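Visitor: Sequence first, predicted model second:
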Amino acid sequence: MTGLTYNQTQCFHEFEKAALKGQRAPTYLQLLKAGIISPSEATRELTRLGLIMVEVYGQNWRTIFILSGKASDMNTMDCPREGPPYLRFDVNGRHEFEDGELL
């Protein structure tokens, strides 16, 4: 993955590790503890570049879809609760949903 900063690369690897293990997406605090500086900014850039897609569910559960690299087409643990996401962040930006329908 050329063109990424060291920080963005490390953030991507944390997401990739979680997806490969079928684990829940790392939280902001877990990313900070892993040495990621400004996890939100790194995640936004990875999304903008089309390397990941993030879906957000109730109680702030996030599922991260890996779109590039060795875990391509994998994702972190699915939300254990029923229902669709209310937000999605992808290469095209932020998308809001209501009752599973794109607004």
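Guide: Yep, that arrived.
Visitor: who's in contact with stretch 52-69?
Guide: Counting by Cβ atoms under 8 Å, 6 or more residues apart in numbering, the neighbours of stretch 52-69 from elsewhere in the structure are 1, 12, 15-16, 18-19, 24-25, 43, 46-47, 50-51, 72-81, 83-91. Quick note: C-beta positions are derived from backbone N, CA and C, even for glycine.
Visitor: Please name the nearest non-neighbouring residue to S38.
Guide: Among residues not flanking S38 along the chain, N7 sits closest, at 7.4 Å (Cβ to Cβ, 6 or more residues apart in numbering).
Visitor: Which strand or helix spans that neighbour?
Guide: Per DSSP states H and E: N7 is located in helix 6-21.
Visitor: residue closest to the middle of the chain?
Guide: Residue closest to the mean C-alpha point of the chain, counted by Cα atoms, centre = their mean, is I64 at 3.3 Å.
Visitor: Buried by neighbour count, from the contacts of stretch 52-69: which ones?
Guide: 12, 15-16, 18-19, 24-25, 43, 46-47, 51, 74-77, 79, 85-86, 88-90 (16 or more other Cβ atoms under 10 Å).
Visitor: and these, which of them are in helices?
Guide: F12, F15, E16, A18, A19, T43, L46, T47 (DSSP state H).
Visitor: what sits against the residue nearest to S38?
Guide: Shown here is N7, whose contacts under the criterion Cβ under 8 Å, 6+ apart are I36, I37, S38, A42.
Visitor: pull the helix or strand with minimum mean pLDDT from the chain.
Guide: Lowest on mean pLDDT, DSSP states H and E among the helices and strands of the chain sits strand 101-102, with a mean of 84.
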